[in-house]
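Enquirer: no sequence on this one, just coordinates:
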């Protein structure tokens, strides 16, 4: 039986473990594909154009916005980020399980354009645990962590609007749960 293509939008606060879960899903779901976002910011060291991000000029980005070429997009600080619609549609039509790892604002834009998308929120046991994870990374100064926690509070307040919640308190169990959810939707006729 052929599997049906689906779109899974994965959101959650910074430090919830979205990236780790998505990378584990890719190893276990053979037809999973992660969409690559477009951005107007310059590539950082080690980033690969077309793999890390699709790097665009402001003019290229705005032209694609004007043509309705983004599934969702946002202006974040001084740059723009978005999900090109054409590649997502192509992969869904091919029967792939398409994964977008985007913020809450973007998730709701996707739901407006593609109501059949499955919105999955990656939750954490507590705000204290989230703070400990962000500090544990050792990659950001305290003012950046404080800003991320403010955003996290807003994001956490939106989790009930999602189709499915995965509590990431145990990585193996959370991975199993997310894989099972994706598989259940892929195998529906």
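Expert: In hand now; what should we look at? This one's a predicted model, so the numbers in the text were calculated from it and none came from an experiment.
Enquirer: For this structure, which segments count as helices?
Expert: Along the chain, the segments classed as helices by DSSP state H run 18-28, 58-66, 85-93, 104-113, 127-137, 142-156, 171-186.
Enquirer: Residue 120: which of those is closest?
Expert: Set against residue 120 and scored by Cβ to Cβ, the helices of the chain come closest in helix 171-186, at 6.8 Å. Backbone N, C-alpha and C define where each C-beta goes, glycine included.
Enquirer: Please convert the helices of the chain to JSON lines, extending it with distance to residue 12.
Expert: Shown next, in JSON lines, are those (distance: least, Cβ to Cβ, whole Å):
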{"stretch": "helix 18-28", "distance to residue 12": "5"}
{"stretch": "helix 58-66", "distance to residue 12": "26"}
{"stretch": "helix 85-93", "distance to residue 12": "20"}
{"stretch": "helix 104-113", "distance to residue 12": "9"}
{"stretch": "helix 127-137", "distance to residue 12": "10"}
{"stretch": "helix 142-156", "distance to residue 12": "7"}
{"stretch": "helix 171-186", "distance to residue 12": "11"}
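Enquirer: Name the nearest residue to the residue positioned nearest the centre of the chain, ignoring sequence neighbours.
Expert: When the chain is reduced to its mean C-alpha position, the nearest residue by Cα atoms, centre = their mean turns out to be residue 101, at 1.0 Å. Nearest residue to residue 101, sequence neighbours excluded (Cβ to Cβ, 6 or more residues apart in numbering): residue 10, at 4.8 Å.
Enquirer: sorry, back to before: could you export the helices of the chain as JSON lines, including distance to residue 73, mean neighbour count and mean pLDDT?
Expert: Listed next are those as JSON lines, based on distance: least, Cβ to Cβ, whole Å; neighbours: other Cβ atoms under 10 Å; pLDDT from 0 to 100:
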{"stretch": "helix 18-28", "distance to residue 73": "19", "mean neighbour count": "16", "mean pLDDT": "96"}
{"stretch": "helix 58-66", "distance to residue 73": "6", "mean neighbour count": "13", "mean pLDDT": "96"}
{"stretch": "helix 85-93", "distance to residue 73": "10", "mean neighbour count": "17", "mean pLDDT": "96"}
{"stretch": "helix 104-113", "distance to residue 73": "8", "mean neighbour count": "18", "mean pLDDT": "94"}
{"stretch": "helix 127-137", "distance to residue 73": "26", "mean neighbour count": "14", "mean pLDDT": "88"}
{"stretch": "helix 142-156", "distance to residue 73": "18", "mean neighbour count": "14", "mean pLDDT": "89"}
{"stretch": "helix 171-186", "distance to residue 73": "25", "mean neighbour count": "16", "mean pLDDT": "97"}
